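K.L.:
coords below, sequence missing:
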């Protein structure tokens with residue numbers, strides 16, 4: 001995984017509560033070769049007309065947002081089935097973070113294990129942010145940039161008086177900062193673990209007798 005420390009990216013707003021994992025990536029695409037990437041299947045059935053197979057007006061088809069890297073969503077994003085492919089397709093498309101008031105529990109866990117940063121923020125704050133993203137795009141044809149600092153656990157964008165703080169479990173924060181999963185993080189402490197075991201068994205020789 002790529003370490004996540006500080007990141008600035010283009011934001012895209014996705015309206016609608018309870019966006020489930022089957023909307024994020026329809027189940028039929030999970031048969032595809034993972035090594036080839038899942039990015040093209042992200043929100044497939046919302047981006048492609050089922051009859052004509054032509055692109056729809058879905059937000060990610062709009063030129064301004066085709067290279068978005070931060071998704072600003074609504075309540076209970078990633079609910080539904082436990083498919084890890086929902087995280088794969090977001091990451092393969094290019095997203096580094098998802099902001100939402102709440103997430104499906106398993107989806108949230110899968111994000112952390114795959115280097116995609118899920119950030120919970122207040123509903124009112126995110127409603128205002130989504131409106132800002134849409135209004136800025138409509139009025140001036142410009143993107144909204146969001147700055148994320150995982151070292152300080154803050155999020156910032158133009159118009160805020162000060163960055164907004166968010167919380168993240170310290171264990172997963174360290175994993176993301178180092179770009180490792182839980183197994184790799186544990187192994188990074190191998191020398192300390194070995195030193196502890198040697199000291200432990202030296203003071204209690206009967207344990208190995």
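P.N.:
Structure's in. What do you need? This one's a predicted model, so the numbers in the text were calculated from it and none came from an experiment.
K.L.:
only C-alpha atoms for contact and neighbour calcs from this point on.
P.N.:
OK.
K.L.:
the strands in the chain, which residues?
P.N.:
All strands of the chain, identified by DSSP state E, fall at 6-13, 70-72, 97-100, 117-120, 144-149, 154-157, 164-165.
K.L.:
Export those to a markdown table and append columns for distance to residue 191 and mean neighbour count.
P.N.:
Conversion of those to a markdown table gives the following (distance: least, CA to CA, whole Å; neighbours: other CA atoms under 10 Å):
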| stretch | distance to residue 191 | mean neighbour count |
| --- | --- | --- |
| strand 6-13 | 29 | 20 |
| strand 70-72 | 37 | 23 |
| strand 97-100 | 33 | 23 |
| strand 117-120 | 29 | 22 |
| strand 144-149 | 30 | 20 |
| strand 154-157 | 33 | 18 |
| strand 164-165 | 34 | 15 |
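K.L.:
name the helices or strands packed onto the longest helix along the chain?
P.N.:
Longest helix in the chain by number of residues (criterion: DSSP state H): helix 123-140. Helices and strands touching helix 123-140, by 3 or more CA pairs under 8 Å, 6 or more residues apart in numbering; DSSP states H and E, are strand 6-13, strand 70-72, strand 97-100, strand 144-149.
K.L.:
ok, the closest residue to residue 134 other than its chain neighbours to residue 70 distance?
P.N.:
If you skip the residues right next to it in sequence, residue 134 has residue 13 as its closest partner in space, 7.0 Å away by CA to CA, 6 or more residues apart in numbering. Applying CA to CA, to the nearest Å, the value for residue 13 to residue 70 is 9 Å.
K.L.:
again with residue 4
P.N.:
13 Å.
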